[in-house]
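Asks: sequence first, then the predicted structure, then my questions.
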Amino acid sequence: MIQINGLTDTQVALLDEMWACDSMEELNEFLETLDPSDRLQAIRLQYLVLLAELDEHVAKMPLDEAHKVLDRFRL
C-alpha cells in the first residue's frame, strides 16, 4: 500500500479524483479541466505516487549483491 505523508486536504481530494479515473484517457481529460496551478499540482502528485510505488518495489528487492559492490568503493 502506498503511503504519502504530509499531504494537504486539497492534495488528498485531488488524488481521490485522479484515482477514480478508469483510464489514462480519463485522467488526461480530468487534468485538462483543472486550472494551470491545480494541473501542475496534480502532475506533481502523479510523480509522488510513482516514486512511492518505486520505493516500495525497490524495498522488496534483494540488494545483497549491490551492497557488496558498493562496499568495495567505500573509503
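Replies: Yep, it's here.
Asks: please make it C-alpha for all contacts and neighbour counts, starting now.
Replies: OK.
Asks: may I have the strand or helix carrying residue 17 exported as CSV, CA atoms only?
Replies: Residue 17 belongs to helix 9-19 when elements are defined using DSSP states H and E. Provided in CSV are the C-alpha atoms of helix 9-19 (Å, rounded to 0.1, in the frame of the first residue of the first chain):
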residue,chain,number,x,y,z
ASP,A,9,-6.7,18.1,2.3
THR,A,10,-6.7,19.7,-1.2
GLN,A,11,-4.0,17.3,-2.4
VAL,A,12,-5.8,14.3,-1.0
ALA,A,13,-9.0,15.4,-2.7
LEU,A,14,-7.1,15.8,-6.0
LEU,A,15,-5.6,12.4,-5.6
ASP,A,16,-9.0,10.9,-4.9
GLU,A,17,-10.3,12.4,-8.1
MET,A,18,-7.3,11.1,-10.1
TRP,A,19,-7.6,7.7,-8.5
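Asks: which residues sit against that helix?
Replies: 27, 30, 41, 42, 45 (CA atoms under 8 Å, 6 or more residues apart in numbering).
Asks: could you rerun that using 7 Å?
Replies: 27, 42 (CA atoms under 7 Å, 6 or more residues apart in numbering).
Asks: report the next helix or strand after that helix in sequence order.
Replies: Criterion used, DSSP H and E; the element after helix 9-19 is helix 24-33.
Asks: give me the residues contacting that next one.
Replies: 18, 21, 39.
Asks: cutoff 8 Å now
Replies: By CA under 8 Å, 6+ apart, helix 24-33 touches 18, 21, 39, 42.
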